[in-house]
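**Student:** Build me a model:
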Amino acid sequence: MFDIFKKKDKKKDDGVVVLRKTEPGMCGGTDATQDTRAPKVIESRDLIFFDVSTRLDGYSRRREGDKEALDYISAFAASAGDGTFLYLAKEEDARRGPVVSSWALIEDNVLPALADLVAECDLAKNNGFHSTTHGLPENFGGSVYVKYASGEKISFSNNQSVMVPYETGKKIVGFFEAAMKKEKVKLPDIEDLTAIRFEENRKNGGYTKAELTLCGDGTAINKKESRYDSPTVYESEKPVDAETVRKIKKNVADNGVTAWEKLPDSEYRPLADKKLTFVFRGGEEITVSGGKQVPYELNGGFFNVELEMTTKH
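**Tutor:** Numbering: from 1, shown residues only. Predicted coordinates:
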């Protein structure tokens, strides 16, 4: 019989116990681990970021008469200088749905209060457990990842089962909806955008620079300069049609890219140093580096601009 408490590597006792392991390529099997060193009580209240995405038992709630029962939530909060960047998505009926989402950059630091909510809901009680069932058509469960300045963290996931109690999910949504009504940080109007500059510096000495200059008729000019493994520098200048410019501006606005400037860096650093600089009428500039800690749903915002400026034009 398979020993569910067998260490995955006795030579390197990292505290992670393999609870279940499938054969390579096995469809439908489940891999599960438990980090025995993951704390069940978090002492710190100095929260850096909060990221919870999970299905909820909304179907049963609707059968009991709750017409606004939630089926799914995704909530993200991170420090952004003196303020807080927030993202919330929710789905009230998975069969008829849609998922409704929004983001906000608020002036208040609500992370200490959010840390209190994490403690109140005892999110750390499942800390360290991760389970993946292969072959599922969608994520029927979810994940929780909360990180503190002390280095403490809460991390658990299961793509087959609901990860948090329904009432906890409702409390999280209530907290975020209230926080997102607070005073917003004033950001430049995306319609006042006059230029976007992209810069990438690679470890081998290569680089790519591009500048998209917006014209008064809605079109733009994209100038690009690149160097790769050789000393040769490649230059190009191409027109960009008005519809593409509109899509770029919409992408920046929808994903809140200009609000990422003061977000913490992701734990997974990019292979090259990249940054986008947004220039607005009146001379204001906002520079956003690549590899910021942002919600998964918004993560493509930076890459979509990079793609248009460095590959498509």
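
**Student:** which residues does Pro165 contact?
**Tutor:** By Cβ atoms under 8 Å, 6 or more residues apart in numbering, the contact set of Pro165 is Cys121. Quick note: C-beta positions are derived from backbone N, CA and C, even for glycine.

**Student:** now it: how far from Asn304?
**Tutor:** 36 Å (Cβ to Cβ, to the nearest Å).

**Student:** Centre of the chain to the helix or strand of the chain with the lowest mean pLDDT, how far?
**Tutor:** Ranking every helix and strand in the chain by mean pLDDT, DSSP states H and E puts helix 58-63 at the bottom, with a mean of 79. Computed by Cα atoms, centre = their mean, to the nearest Å, the separation of helix 58-63 from the middle of its chain amounts to 29 Å.

**Student:** same deal with stretch 77-94?
**Tutor:** Remark: stretch 77-94 is offset 10 Å from the chain centroid, using Cα atoms, centre = their mean.

**Student:** then that stretch to PDB, C-alphas only?
**Tutor:** The C-alpha coordinates for stretch 77-94 follow below in PDB (Å, rounded to 0.1, in the frame of the first residue of the first chain):
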ATOM      1  CA  ALA A  77      -5.300  43.400  -3.100                       C
ATOM      2  CA  ALA A  78      -1.700  44.700  -3.000                       C
ATOM      3  CA  SER A  79       0.200  47.600  -1.600                       C
ATOM      4  CA  ALA A  80       0.600  50.400  -4.000                       C
ATOM      5  CA  GLY A  81       2.700  53.100  -2.300                       C
ATOM      6  CA  ASP A  82       0.500  54.700   0.400                       C
ATOM      7  CA  GLY A  83      -2.600  53.300  -1.300                       C
ATOM      8  CA  THR A  84      -4.000  49.900  -2.300                       C
ATOM      9  CA  PHE A  85      -4.600  48.300  -5.700                       C
ATOM     10  CA  LEU A  86      -7.800  46.200  -5.700                       C
ATOM     11  CA  TYR A  87      -9.400  43.800  -8.100                       C
ATOM     12  CA  LEU A  88     -12.700  41.900  -7.700                       C
ATOM     13  CA  ALA A  89     -14.500  39.500 -10.000                       C
ATOM     14  CA  LYS A  90     -17.700  37.600  -9.100                       C
ATOM     15  CA  GLU A  91     -20.200  35.300 -10.800                       C
ATOM     16  CA  GLU A  92     -23.700  34.800  -9.500                       C
ATOM     17  CA  ASP A  93     -24.700  32.000 -11.800                       C
ATOM     18  CA  ALA A  94     -22.200  29.800 -13.500                       C
END
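
**Student:** can you pull out the helices in the chain?
**Tutor:** Using DSSP state H, the helices of the chain run over 58-63, 111-120, 166-179, 242-254, 300-307.

**Student:** Output those helices in JSON lines, with distance to Gly29 and mean neighbour count appended to each entry.
**Tutor:** Below are those laid out as JSON lines (distance: least, Cβ to Cβ, whole Å; neighbours: other Cβ atoms under 10 Å):
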{"stretch": "helix 58-63", "distance to Gly29": "27", "mean neighbour count": "15"}
{"stretch": "helix 111-120", "distance to Gly29": "32", "mean neighbour count": "17"}
{"stretch": "helix 166-179", "distance to Gly29": "28", "mean neighbour count": "18"}
{"stretch": "helix 242-254", "distance to Gly29": "38", "mean neighbour count": "16"}
{"stretch": "helix 300-307", "distance to Gly29": "31", "mean neighbour count": "18"}
